[in-house]
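Asker: Give me a model of this one.
(chains A and B)
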Number of protein chains: 2
Amino acid sequence: MPDLTPDEFRALGHLFVDAVADARAGIERHPVRDVVEPGTVRARFPREANEDPEPLAAFPSLVEAVTGDADTRWQHPGFHAFFPANASLTSLLGELLSGGAGAQGMLWSTSPACTEVEQAVTDQLARALGLDEAFTHDGGGGGSIQDSASSAALVALTAALHRAAPDPDSGWRVRGVTGRERVYVTAETHSSLAKAVRVAGLGSGGLRTVPCTPGSRAMDPAALADTLAADVAAGLVPVLVCATVGTTSTGSSDPVAALVTAARPYRAWVHVDAAWAGVAALCPEHRWVLDGVNPGPGPGVDSFCTDAHKWLLTAFDASLLWVRDARALPAALSITPAYLRDAHSDSGAVVDFRDWQVPLGRRFRALKLWAVLHGQGLSGLRSHLRGHVDLAAELAERIRGHDDLELACAPVLSLVCLRSRSGDAGTTALLERANADGRVLLTGTEVDGHPVVRVAFGGVTTGREHLDVVWDVLSARS
Amino acid sequence: MPDLTPDEFRALGHLFVDAVADARAGIERHPVRDVVEPGTVRARFPREANEDPEPLAAFPSLVEAVTGDADTRWQHPGFHAFFPANASLTSLLGELLSGGAGAQGMLWSTSPACTEVEQAVTDQLARALGLDEAFTHDGGGGGSIQDSASSAALVALTAALHRAAPDPDSGWRVRGVTGRERVYVTAETHSSLAKAVRVAGLGSGGLRTVPCTPGSRAMDPAALADTLAADVAAGLVPVLVCATVGTTSTGSSDPVAALVTAARPYRAWVHVDAAWAGVAALCPEHRWVLDGVNPGPGPGVDSFCTDAHKWLLTAFDASLLWVRDARALPAALSITPAYLRDAHSDSGAVVDFRDWQVPLGRRFRALKLWAVLHGQGLSGLRSHLRGHVDLAAELAERIRGHDDLELACAPVLSLVCLRSRSGDAGTTALLERANADGRVLLTGTEVDGHPVVRVAFGGVTTGREHLDVVWDVLSARS
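Answerer: Numbering: from 1, shown residues only, chains lettered A, B, ... in the order given. From the prediction side, this is the model:
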């Protein structure tokens, strides 16, 4: 049989688990990011794959030999770049079971377990975050696990396009886009929205960049209302407004409730991209991230996305997308050929998650999220989030007291943006110097056209001692 | 710290590996598919997630208690439905290391290891399959790992739309689709193409269903040429022709070379969807699946997709997409905000795989494929493929000799389509009876409007004894 027997897997699996444990335990002996010349790793592979089987027990050391000096270590506690992707060891246990099951959850009937665990866990999480019951499967909406917030934005857009032109004979599903559809963002919105708009065939002309309220990085509701009114007067069709809670650059947030009010007369879909910040709603003191999301007093939004794989201890990929109307995504995305016809699907009593996403197949991703909820509990998750928020507050305090550094904007949750008081060149040099140290990895962005250094706390093992390292690196005299 | 320590993970990881090994070892004690009432699994979850951490050592038995009687077992050797998704234990070892690394391969610089292993392994596999060097990264094209053939079709379509209207000021990226773009398929093409066309904003009106050659289920090249000519005469724009090698229903194949010839005058992108059958090219005797794909004597196709997660021992998701022009996907999909700007990307010396897909983030999926190549070798993979082809040939032979059964069409590789000689009602009853047995799971489709039973061999552990079970079930008198 050309695979391992279960007993061979048992023995090798233990070795591989040990390799993972050893690598995590020793990660701080490495820099966060190796200095690598392009082509280094490829050059270590032979041109042709091996003809005969090679011993798998040697595979971990082979991988180490080929890639061990050519990686960027996202699980290093000094990784504060982009937003960290915290692949907790707890979630890896869930992934192991998921791989073992090897299920395909495209239809309910192809894996009732995969489908219903995902429904149950996203319902539990919705309640824990404080999302209205309308966003649960129990309440007529529902959550799903997408691979990324990018894909979540794309499927939300397809649902919005369908809803904007629902006529089954001449609507979006038949006629496609018309060139008149418009999607509303700001200059701070994540680029995945522009990508979704492009992939959906609207072109960059379909994207309206609404101004921010002067002095802020938040969409101006009055400007949105004006833009919507002018577009409709010009015969254009407002399809989707994307409100961001916690932008990638600086953590700024759009005023969701006011945007919903502005969008409502035009029936435009309101999608909230809270990819990074949304999970903070688990903590009562951070529940402001849901302002305007739930119905009552305002009407609430149509969809809400937050990533468990950024800051909720769950290994990539696990982007959570909740919608208020469980029929919205299937109405846009369902196509059923003969070989996928299914009595349970036809009954309407089940959810087929293939109709909530672009791909047909899907992994049992809910298991890793369930493992995290089970093994850490909501209290553990809150303590994880609060630890990083505390680190950010402490770093901000130190920056405020420093002669050469200043905050570029107020810190948001676990994200701190800073710059050199000496100007742009000094800020750029600061970022380069910090990363050259090897113990931390930071990324930059621009605010008002000027360079800024971001420190995004969020690593699974990032603690107070790593704040001290960041401070050591940032506060060193050049 | 709200996660396991490496040593806690080590101990628990061994337990979880054992749980996976035990489950695989005992899988034949269960039916392939449990009979489940919708809602069974969800009802076993409490409304709220647990507040406090629960012992992870108990998690495997909790999962078993909640889902153990409510699953469809894709790794059961009696699973012959759809196309099996063979999550080999070998590939799970690679997944373990991938989870341990927890890398994000969106840019080369965010994980040179992830990026370059994927380049190297897809280059090796291209050579092993017999794809022309033009499809390798070394040769100016390149492979990438997508989550599914559906997503591969969508990104191929975006590249085709961009190429058909490359003007940077007024082309697809700016203006979007015009309503004149057309995509060419047959009634046998996988529904993911229709879904890609819909998501891309073309609407079902953008999909041209070209007739098959009479008496076949393969696209008629003359009909394609006629349709293309008529469309262009009518001011329409041929964008993409999808040629399928090994359709989902019956395993039929389109005549790729002739379709390329027909498409060439119009510069339409030719995409080959060989999701299931393509990997068979590893065996010289099945290399016909590449007919017309490579350049010379004909011009060859633009993109070629086959799934390692169907029949190449690699756990979902690992759909392989090769393109002839490494610039094609980035030209269509690249968008670079300040926070993703990168000196290595700007140098042009590296591949940023985020520009080859819709999502931004991406897992280190190449590790599981590398583990399979390493641990099984090309010889092991060939033996795996040949074993299933032999089973299909043997089943077909038995059907030919049976009084009540007949082949619905000639078997293709590991897929056999059959029906009852007594007519449609008998065939439908045959499928129901076979699945009620519990030892096998088969799915049906339609051929020429009549029901057909499919037997798709491909499970990791499916061997001769499981053919005997299938035969026992199919040949039993009703």
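
Asker: Please tell me I have it right and residue A:362 contacts residue A:354.
Answerer: Yes. Here residue A:362 lies in contact with residue A:354, judged by Cβ atoms under 8 Å, at a distance of 7.0 Å. The way it works is simple: take the backbone N, C-alpha and C, and place the C-beta from them, glycine included.

Asker: Sketch out the strands for the stretch 51-200 of chain A, chain order is fine.
Answerer: Per DSSP state E, counting those that start in this stretch, the stretch 51-200 of chain A has strands spanning A:142-146, A:181-185. These are given in chain order.

Asker: go on, the stretch 251-400 of chain A?
Answerer: According to DSSP E, counting those that start in this stretch, the stretch 251-400 of chain A carries its strands in the segments A:269-273, A:303-307, A:319-323.

Asker: roughly how far apart are the residue nearest in space to the middle of chain A and chain B?
Answerer: The geometric centre of chain A, computed from its C-alpha atoms, lies nearest to residue A:307 (Cα atoms, centre = their mean), at 3.7 Å. Counting by Cβ to the nearest Cβ, to the nearest Å, the gap between residue A:307 and chain B amounts to 9 Å.

Asker: Please identify the most buried of the strands of the stretch 51-200 of chain A.
Answerer: Between those, the one whose residues have the most neighbours on average, counting mean count of other Cβ atoms under 10 Å in any protein chain shown, is strand A:142-146 (a mean of 27).

Asker: near chain B, which residues of the stretch 251-400 of chain A?
Answerer: For the stretch 251-400 of chain A, the residues in contact with chain B under the definition Cβ under 8 Å from any Cβ of the partner chain are A:309, A:313, A:315-317, A:333, A:335-340, A:344, A:347, A:349-350, A:358-361, A:363, A:367, A:370-371, A:373-381, A:383-384, A:387.

Asker: and the closest residue to chain B within the stretch 201-350 of chain A, what does it touch?
Answerer: Closest residue of the stretch 201-350 of chain A to chain B, Cβ to the nearest Cβ: residue A:201 (2.4 Å). Under the criterion of Cβ atoms under 8 Å, 6 or more residues apart in numbering or on different chains, the contact partners of residue A:201 comprise A:176-177, B:161, B:172, B:176-177, B:200-202.

Asker: buried sites along the helix ranked longest in chain A?
Answerer: Ranked by number of residues, the top helix in chain A under DSSP state H is helix A:366-400. By 16 or more other Cβ atoms under 10 Å in any protein chain shown, the buried positions in helix A:366-400 come out as A:366-378, A:380-382, A:384-389, A:391-392, A:394-396, A:398-399.

Asker: now do stretch A:126-136
Answerer: Buried residues in stretch A:126-136, defined by neighbour count with 16+ other Cβ under 10 Å: A:126-129, A:131-132, A:134-136.

Asker: which residues are in contact with it?
Answerer: Judged by Cβ under 8 Å, 6+ apart, the contacts made with stretch A:126-136 from elsewhere in the structure are A:122-123, A:139-143, A:278-279, A:281-282, A:287, A:290, A:293-296, A:300, A:304, A:306, A:322-324, A:378, B:47-49.

Asker: Spit out the residues that contact residue A:362 and residue A:354 alike.
Answerer: Both residue A:362 and residue A:354 are contacted by residue A:106, under the criterion Cβ under 8 Å, 6+ apart.

Asker: give me the low-pLDDT residue ranges for the stretch 351-478 of chain A?
Answerer: When the per-residue scores of the stretch 351-478 of chain A are filtered using pLDDT under 70, the ranges that remain are A:478.

Asker: Residue A:265: what's it in contact with?
Answerer: Listed by Cβ under 8 Å, 6+ apart, the contact set of residue A:265 reads residue A:228.

Asker: sorry, back to before: how about the strands of the stretch 51-200 of chain A in JSON lines, adding distance to chain B?
Answerer: Output for the strands of the stretch 51-200 of chain A, formatted as JSON lines (distance: least, Cβ to the nearest Cβ, whole Å):
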{"stretch": "strand A:142-146", "distance to chain B": "9"}
{"stretch": "strand A:181-185", "distance to chain B": "9"}
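
Asker: Residue B:434 is nearest to which of the ones you listed?
Answerer: For residue B:434, the closest of the strands of the stretch 51-200 of chain A is strand A:142-146, at 32.3 Å, according to Cβ to Cβ.

Asker: Pull up the pairing partners for the closest one, direction included.
Answerer: Taking DSSP bridges as the criterion, strand A:142-146 forms sheet pairs with strand A:319-323 (antiparallel).

Asker: So which residues make contact with the partner strand?
Answerer: When contacts are defined by Cβ under 8 Å, 6+ apart, strand A:319-323 is touched by residues A:122, A:125-126, A:131, A:135-136, A:141-149, A:151-152, A:155-156, A:159, A:275, A:278, A:302-309, A:329, A:356.

Asker: Taking helix A:366-400 as reference, get the angle to it.
Answerer: Between the axes of strand A:319-323 and helix A:366-400, defined by axes from the mean of the first three to the mean of the last three Cα atoms, to 10 degrees, the angle is 100 degrees.

Asker: average pLDDT for strand A:319-323?
Answerer: If you average the pLDDT over strand A:319-323, you get 98.

Asker: That strand: how far from the chain's middle?
Answerer: Strand A:319-323 has its C-alpha centroid displaced from the chain centroid by 10 Å (Cα atoms, centre = their mean, to the nearest Å).

Asker: Next, the buried residues of stretch A:217-228.
Answerer: Residues of stretch A:217-228 classed as buried by neighbour count (16+ other Cβ under 10 Å): A:217-221, A:223-225, A:227-228.

Asker: Please produce TSV containing the residues you listed, extended by pLDDT, secondary structure and distance to residue A:91.
Answerer: Conversion of the buried residues of stretch A:217-228 to TSV gives the following (pLDDT from 0 to 100; DSSP: H, G, I helix; E, B strand; the rest coil; distance: Cβ to Cβ, whole Å):
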residue	pLDDT	secondary structure	distance to residue A:91
A:217	96	coil	32
A:218	98	coil	33
A:219	98	strand	34
A:220	98	coil	39
A:221	98	helix	38
A:223	98	helix	41
A:224	98	helix	38
A:225	98	helix	42
A:227	98	helix	41
A:228	98	helix	41
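
Asker: Looking at those, spot the one nearest residue A:17.
Answerer: After measuring the buried residues of stretch A:217-228 against residue A:17 - Cβ to Cβ - the closest member comes out as residue A:217, at 44.2 Å.

Asker: got a pLDDT number for the residue nearest to the closest one when sequence neighbours are not counted?
Answerer: Among residues not flanking residue A:217 along the chain, residue A:252 sits closest, at 3.8 Å (Cβ to Cβ, 6 or more residues apart in numbering or on different chains). Reading off the confidence values, residue A:252 has pLDDT 98.

Asker: repeat for the one 4 residues further on
Answerer: For residue A:256, the pLDDT comes out at 98.

Asker: Surely it and residue A:271 touch.
Answerer: No. If you go by Cβ under 8 Å, residue A:256 and residue A:271 don't touch, sitting 10.4 Å apart.

Asker: which neighbours do those two share?
Answerer: With contacts taken as Cβ under 8 Å, 6+ apart, residue A:256 and residue A:271 have A:243, A:301 as neighbours in common.

Asker: Now do the same for residue A:183: its pLDDT.
Answerer: Reading off the per-residue confidence, residue A:183 sits at a pLDDT of 98.

Asker: Next, count neighbours for residue A:270.
Answerer: Burial measure for residue A:270: 27 neighbouring residues, criterion other Cβ atoms under 10 Å in any protein chain shown.

Asker: Please convert the buried members of the contacts of stretch A:126-136 into PyMOL selection syntax.
Answerer: A single PyMOL command is used to select the members of these judged buried by 16+ other Cβ under 10 Å:
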select buried, (chain A and resi 122+123+141+142+143+278+279+281+282+290+293+294+300+304+306+322+323+324+378) or (chain B and resi 49)
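
Asker: So which of the contacts of stretch A:126-136 sit within helices?
Answerer: Assigned to helices by DSSP H, the following of the contacts of stretch A:126-136 qualify: A:122-123, A:378.

Asker: Which member of the residues you listed is positioned nearest chain B?
Answerer: In terms of Cβ to the nearest Cβ, no member of the ones in helices among the contacts of stretch A:126-136 lies closer to chain B than residue A:378, at 5.2 Å.
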